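Asker: here is my input; please provide its structure:
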Amino acid sequence: MFVNRETEISRLQRILNQNTAQLVVIYGRRRGGKSTLLRQIVDNNTVYFSADLSEAPVQIRSLAERIEDVVPGFSAPVYPGWDSLFRSLNRSLKEKVTLCIDEFPYLVKNSPELPSLIQNIHDDGAHSNYNIILCGSSQKMMHDIVLNKNAPLYGRAGEIMKVHPMSVYHLMKFLDVIPEEAIREYSIWGGIPRYWEVRKLYSSLEEAIEHNVINPYGLLAEEPERLFSDEIRTSVQAYTMLSLIGSGCNRLSEIAGRMEKPATHLSGVTSFLIELKYIRREIPFGESLRSTKKTLYKIDDPFLNFWFTFVAPDKSRIDLGLTSQVIRGITGKMPMYVSSTWEELCRQAVPFLFSGDKILPAMRWWGRGKDGVPIEVDIVAESPDKKTLVIGEAKWSEKTKTNTEYEILQKKIFNLPFVKDQKIITVLFLKNRDSVQPENAVVFDPEAVVNAFRPFS
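Answerer: Prediction:
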């Protein structure tokens, strides 16, 4: 089942149908659906080649054999290098085709000259008879090849597309579940289509987790190591940092202390994990990222969050096959775990739910109230002119008394030091609610939040 990606398909079809041959770059996280997206645009005039880690001569031969599909006899000669293959292809074509190279970074590992070679081919007009699509999962390498201003292919691509994870709305459609269940599923699988496909093979969420994640032989049992091996030379540092965040270390000073390293030595791996959207910085609403000392670090990717929260701490028992014990422990903690995903989805949904008021993305706030007592608020957002504030709480409870939650929130709002004379929109995000509707509050349920991520038509 193929869901979403209509915008991506439309953009790719538009650029590939130009009169002149184009260079297109597609990148994004592994298992994010790039290859599946490419298969949606492959036709009889497309040469699709998935690279591997073989030596360059073997890869050249393999690609030449794939080109046979559009140029009979193309693999008969022996091509001494990539340059001769690409230029020979251009001379052999009688009509425009598309050459799609998937997992391009694998080729570059064995042929580091390849980006510069493609730059020369592009600048010489030596692929005038075929489009080139370069696709890769190593986001760092693809960035360095194309987006870095010193990169060989910088400024050459007619289309650069980063394939992002999909939304909880699309997960709901894919699994055909109700919004409440979609949020629970999303808290584990996130927006990664391949994980969704794995989940759909099982009748229940618990069974899918037990067979694929909480299992030494599971398909996703070693997933973080695979992701990091694609991206990060200092993968040990990245793994350690995520393990510590998953165990509750959220301040850089605490993380550095546990790693026995100066915090300044972690700036590189921290920035890179943020760039890949594996972790995120959280600061209180209204604080400056540059000057605040209240920065917290959270795992931003739902699957990695689940893995480092539940799998990493219990690897010993999992490797011994004691999966039932691990599952029981997870089951007891799941409501609290899902509630953090619910809060984050509520914050992300705010600009869509209040599009008429043009509200900016929401944040958390924590600090001391006007009375000097520490308080926290789940959701705070403002309008661009700062005249309107959206302030709310998100509750993932089986039974919730709406009026009680509203009164608690009102007391918090009265005590918030940054509230002046703005218009206040009071909001409650509730998994379950009673029939009471507070007169001066807006109440959203899981259906409203999930549907907020529905694509605009």
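Asker: what kind of secondary structure is Asp43 in?
Answerer: Look at Asp43: counting by DSSP: H, G, I helix; E, B strand; the rest coil, its state is coil.
Asker: just the element for the nearest residue to Pro438 once chain neighbours are set aside, please.
Answerer: Once flanking residues are discounted, Pro438 sits nearest to Tyr406: 4.3 Å by Cβ to Cβ, 6 or more residues apart in numbering. Any C-beta I mention is one placed from the backbone N, CA and C, and that applies to glycine too. Secondary structure from DSSP states H and E places Tyr406 in helix 402-415.
Asker: send me that helix as PDB with only the CA atoms.
Answerer: The C-alpha coordinates for helix 402-415 follow below in PDB (Å, rounded to 0.1, in the frame of the first residue of the first chain):
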ATOM      1  CA  THR A 402     -12.800  18.600  32.000                       C
ATOM      2  CA  ASN A 403     -13.800  21.400  34.400                       C
ATOM      3  CA  THR A 404     -11.200  20.300  36.900                       C
ATOM      4  CA  GLU A 405      -8.400  20.400  34.200                       C
ATOM      5  CA  TYR A 406      -9.700  23.800  33.100                       C
ATOM      6  CA  GLU A 407      -9.600  25.300  36.600                       C
ATOM      7  CA  ILE A 408      -6.100  24.000  37.100                       C
ATOM      8  CA  LEU A 409      -5.000  25.500  33.800                       C
ATOM      9  CA  GLN A 410      -6.600  28.800  34.600                       C
ATOM     10  CA  LYS A 411      -4.600  29.000  37.900                       C
ATOM     11  CA  LYS A 412      -1.400  28.300  36.000                       C
ATOM     12  CA  ILE A 413      -2.200  31.000  33.400                       C
ATOM     13  CA  PHE A 414      -2.800  33.600  36.200                       C
ATOM     14  CA  ASN A 415       0.600  32.700  37.600                       C
END
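Asker: for stretch 73-88, buried residues please.
Answerer: Phe74, Ser75, Tyr79, Trp82, Asp83, Leu85, Phe86, Arg87, Ser88 (16 or more other Cβ atoms under 10 Å).
Asker: correct me if wrong: the first one contacts Glu68.
Answerer: Yes - under the criterion of Cβ atoms under 8 Å, Phe74 lies in contact with Glu68, with a separation of 5.4 Å.
Asker: how many residues are close by Phe104?
Answerer: 26 (other Cβ atoms under 10 Å).
Asker: thought it was touching Met142?
Answerer: Yes - if you go by Cβ under 8 Å, Phe104 and Met142 touch, sitting 7.4 Å apart.
Asker: which residues do the two both contact?
Answerer: Counting by Cβ atoms under 8 Å, 6 or more residues apart in numbering, the contacts common to Phe104 and Met142 are Leu134, Gly136.
Asker: can you give me the helices in the stretch 201-350 of the chain?
Answerer: 205-212, 223-231, 235-246, 252-259, 267-275, 302-306, 315-319, 323-353 (DSSP state H, counting those that start in this stretch).
Asker: packing partners for the second one?
Answerer: Right, helix 223-231. Contacts defined by 3 or more Cβ pairs under 8 Å, 6 or more residues apart in numbering; DSSP states H and E place helix 223-231 against helix 235-246, helix 302-306.
Asker: nearest to Arg14, out of those?
Answerer: Using Cβ to Cβ as the measure, helix 302-306 is the one of these that comes nearest Arg14, at 32.0 Å.
Asker: run through who's touching the closest one.
Answerer: Outside helix 302-306, the residues touching it (Cβ under 8 Å, 6+ apart) are 186-192, 195, 213, 220, 223-224, 227, 242, 246, 278, 298-299, 337, 341.
Asker: list buried residues within the residues you listed.
Answerer: For those, buried by 16+ other Cβ under 10 Å: 186-192, 195, 213, 220, 223-224, 227, 242, 246, 278, 299, 337, 341.
Asker: going by mean pLDDT, which of the helices and strands packed on helix 223-231 comes out lowest?
Answerer: Lowest mean pLDDT of the helices and strands packed on helix 223-231: helix 235-246, a mean of 89.
Asker: tell me how far that one lies from the chain's centre.
Answerer: 18 Å (Cα atoms, centre = their mean, to the nearest Å).
Asker: do stretch 30-37 as well
Answerer: 12 Å.
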